[in-house]
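[1] here is a sequence together with a model predicted from it:
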Amino acid sequence: MKKDKIYKLLSLLLVVLMMAAASLTVTSSWSSRNISHQNDSNLPTEPAYEAITTAADGVTVVHTAKLSGTTNGYAGPVDLDISLADNKITEIKALENTETPSFFKRASELLTSWNGKTPEEALEMKVDAISGATYSSVAIIDNVNVGLKYYLSATDQTVGYDVKKHGEPVPVKLWIALIVTLGACIVPLFVRNKIYRYLQLVANVVVLGFWAGQFLDYYLMLHLFNNNQSVVAGLITLCMLIAAFIYPLFGRGQHYCAYICPLGSAQQLVGNICGYKIKLSVKTLKCLDWFRKILWAVLMLLLWADCLTNWMDLELFLAFQYKSASLAIIIVAGLFIALSAVVSRPYCRFVCPTGSLFKRAENIG
């Protein structure tokens, strides 16, 4: 028993090192591309340009790229140029970035939300993040606020307005998502009840999946230290990581996959609908398991080589963000969920790269 725990600790350490290497490779590559994009942008070309510049026509531009305290998107910095004339916002322009194009296109709908507002009015606005592009849209909202606060301070217009007091409230859906996550992490340790189990699965799909978009995937895990998440979102991620990597050390293997993951929960719910299950032969099961292992190994090699890393955009969890997910991902996710009616959790067992990472951490391949 003690030897088994040592093996699991070594496996967990191996996975941490593997992911750290992948994170260094991918994020450093994206950072280099982001710097290159910024050099090609419309920023002033002087080596030490200021965070605020004023053109000959009187238009003032706040460059958030030069400010501290900005929020990263899903794949790196989301720098903005905020233009003001006559103390009103005329345009907010997003500079080149490394966000997933389909998600950022959706999030970019927010950029006109502040047009025509004074900085004070804009800072008092409650702009909601766009469902399906949460990280990118939160970065836009936060960075607009950072830029406008700096503008007010730099132009000495803070009379009657407390810049430090302003702050974006945590969305209610994140608080509810935290409650659902805590329930999935704690209650199954003590309660075995079919009705509760069913309600938890539904909550995972509806709240964590479709509503709040909170789940573990490669993109999130590779950018844990590059995203300025809110405290609540960070707590959700921490709880999920503990369930995925720490619980197995104490005999709760695959807890995240079985009790929290919204895609796994969706497959379990559909699987409960149909009593009939296709019986797969031992040989077929072994072949499918080897397919999963080989697929995972290849995808990890692609990350370390910084080659075709966009495969992370194809994980089926993104189907929950249906407003910005590709039609192909939605269709494939739907097919796997439908298949789960007659084959128990097919995506989890035979494909899922994120699930394969958790299994490797548990020393079960």
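    Right, received. Where do you want to start? Numbering: from 1, shown residues only.

[2] what residue lies at the spatial centre of this protein?
    Leu220 (4.7 Å; CA atoms, centre = their mean).

[3] work out for me the element that residue sits within.
    Applying DSSP states H and E as the criterion places Leu220 in helix 218-222.

[4] for that helix, name the packing helices and strands.
    Contact partners of helix 218-222 among helices and strands, from 3 or more CB pairs under 8 Å, 6 or more residues apart in numbering; DSSP states H and E: helix 2-39, helix 353-361. To be clear about C-beta, it is placed using only N, CA and C from the backbone, and glycine gets the same treatment.

[5] could I get the ones you listed as CSV with distance to Leu189?
    As requested, the helices and strands packed on helix 218-222 are exported to CSV (distance: least, CB to CB, whole Å):
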stretch, distance to Leu189
helix 2-39, 18
helix 353-361, 18
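
[6] comparing those helices, which gets the lowest mean pLDDT score?
    Sorting the helices and strands packed on helix 218-222 by mean pLDDT places helix 2-39 lowest, at a mean of 74.

[7] winner for burial among the helices and strands packed on helix 218-222?
    Highest mean neighbour count of the helices and strands packed on helix 218-222: helix 353-361, a mean of 22 (counted as mean count of other CB atoms under 10 Å).

[8] so what touches it?
    Outside helix 353-361, the residues that touch it by CB atoms under 8 Å, 6 or more residues apart in numbering are 8, 11-12, 14-15, 19, 216-218, 221, 244-245, 248, 254, 256-257, 261, 264, 292-293, 295-296, 299, 315, 317, 348, 365.

[9] for Leu178, give me phi and psi.
    Phi and psi for Leu178, reported as degrees, to the nearest 10, are phi -60, psi -40.

[10] and it, how far is that from Phe215?
    Distance from Leu178 to Phe215, counting by CB to CB, to the nearest Å: 13 Å.

[11] which one's more surrounded, these two?
    Phe215 (25 against 20; other CB atoms under 10 Å).

[12] dihedrals phi and psi, that one?
    Per-residue torsions, Phe215: phi -160, psi 160 (degrees, to the nearest 10).

[13] contacting residues around it?
    Neighbour list for Phe215: 208-209, 240, 260-263, 317, 320 [criterion: CB under 8 Å, 6+ apart].

[14] what do you get if the cut-off is 7 Å, keeping everything else the same?
    By CB atoms under 7 Å, 6 or more residues apart in numbering, the contact list for Phe215 reads 208-209, 261-262, 317.

[15] give me the ChimeraX select line for those, limited to the buried ones.
    Here is the ChimeraX command that picks out the buried ones among the contacts of Phe215, judged by 16 or more other CB atoms under 10 Å:
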select :208,209,261,262,317
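
[16] out of the contacts of Phe215, name the ones that lie in helices.
    Pro262 (DSSP state H).

[17] let me know the closest of the contacts of Phe215 to Ser136.
    Ser136 lies nearest to Phe317 out of the contacts of Phe215, by CB to CB, at 16.3 Å.

[18] ok, the closest one to Met300 distance?
    Counting by CB to CB, the gap from Phe317 to Met300 is 18 Å.

[19] now Glu99
    From Glu99 to Met300 the distance is 23 Å (CB to CB).

[20] mind checking which of these two has more residues around it?
    A direct count of neighbours by other CB under 10 Å for Glu99 and Met300 places Glu99 higher, at 26 against 19.

[21] my read: the more buried one touches Ser137, true?
    No - the pair Glu99 and Ser137 fails to qualify as a contact (CB atoms under 7 Å) at a distance of 10.2 Å.

[22] which strands and helices sit next to the helix or strand hosting Ala266?
    Assigned by DSSP H and E, Ala266 belongs to helix 262-271. Contact partners of helix 262-271 among helices and strands, from 3 or more CB pairs under 7 Å, 6 or more residues apart in numbering; DSSP states H and E: helix 194-203, helix 327-339, helix 346-350.

[23] mind listing the helices for the stretch 151-300 of the chain?
    172-186, 194-203, 218-222, 231-241, 255-259, 262-271, 282-304 (DSSP state H, counting those that start in this stretch).

[24] you'd agree His255 is up against Leu249?
    No - judged on CB under 7 Å, His255 makes no contact with Leu249 at a distance of 10.9 Å.

[25] neighbour count winner among those two?
    Neighbours per residue (other CB under 10 Å) separate His255 from Leu249, with His255 holding more: 24 against 15.

[26] distance of that one relative to Leu263?
    From His255 to Leu263 the distance is 15 Å (CB to CB).

[27] likewise for Glu124?
    In terms of CB to CB, Glu124 sits 38 Å off from Leu263.

[28] so those two - more neighbours on which side?
    The neighbour comparison of Glu124 against Leu263 (other CB under 10 Å) goes to Leu263, with 30 against 11.

[29] about what we covered before: so which of the helices of the stretch 151-300 of the chain is nearest Phe103?
    Ranking the helices of the stretch 151-300 of the chain by distance to Phe103, with CB to CB as the measure, places helix 218-222 first at 10.1 Å.

[30] how far away from the center of its chain is that closest one?
    On the basis of CA atoms, centre = their mean, to the nearest Å, helix 218-222 sits 7 Å off its chain's mean C-alpha point.

[31] ok, stretch 77-92 next?
    26 Å.

[32] give the buried residues for it.
    Buried, per 16+ other CB under 10 Å, within stretch 77-92: 77-84, 89, 92.

[33] domains in the chain, by residue range?
    Using automatic domain parsing, the domain ranges for the chain come out as 2-25+171-361, 46-154.
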